[in-house]
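> Sequence plus predicted model, see below.
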Amino acid sequence: MDSDDRKEREKLYEQTLDELISKQISNSETHDHSILSLSSAFLGLSVAFISDVVPIDVACHKYLLFLSWLAFSLAIIVTIASFIYGQRAIKKLIDAARRFYIEENEDSYRVSMILSTRMDRLNLSSGGAFVLGILLTIAFVSANTWR
């Protein structure tokens, strides 16, 4: 490999590194903040709904409320886990980028695909748990306000 090719690969490595760090920070902050804030808010609102509107001892379909609390709690837990995983993944991505661009190890490109897939699954799981929590809360509220 000639000197110009080496310099170009190093430049691409630095650009990739900057992009990865920037994307990781932005995505993590936006997603995590949204899920944590909204899950916490909905969890708090559902607790307030019970204490202010429907006493738990006269509410019907209580299991919907408890399942919604479980779903919101799961969304919060998975979001925190995804943040921790994301921090570890970025370190692996930095190393993989170095091996790919600097050491010319073409197999190291797969690392980003694997980590990205896992991170997507965590994000989908936290989002899915949040949506499930909303739907269960709506079902509980509907059942107790329309009877």
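Structure received.

> Now do the lengthiest helix in the chain: distance to the chain's middle.
Assignment by DSSP state H gives helix 3-52 as the longest helix of the chain. Centroid displacement of helix 3-52 relative to its chain, using Cα atoms, centre = their mean, to the nearest Å, is 8 Å.

> same deal with stretch 130-141?
Offset of stretch 130-141 from its chain centre (Cα atoms, centre = their mean): 19 Å.

> outside of that stretch, which residues touch it?
Contact with stretch 130-141 is made by 35, 38-39, 42-43, 45-46, 49, 59, 61-62, 64-65, 67-69, 71-72, 74-75, as judged by Cβ atoms under 8 Å, 6 or more residues apart in numbering. Where C-beta positions appear, they are placed from N, C-alpha and C, glycine not excepted.

> let's see it at 6 Å
Stretch 130-141 is touched from outside by 35, 39, 46, 64-65, 67-68, 71-72, 75, with contacts defined as Cβ atoms under 6 Å, 6 or more residues apart in numbering.

> what is the mean pLDDT for it?
In this model, stretch 130-141 has a mean pLDDT of 92.

> Next: stretch 33-50.
In the prediction, stretch 33-50 has an average pLDDT of 85.
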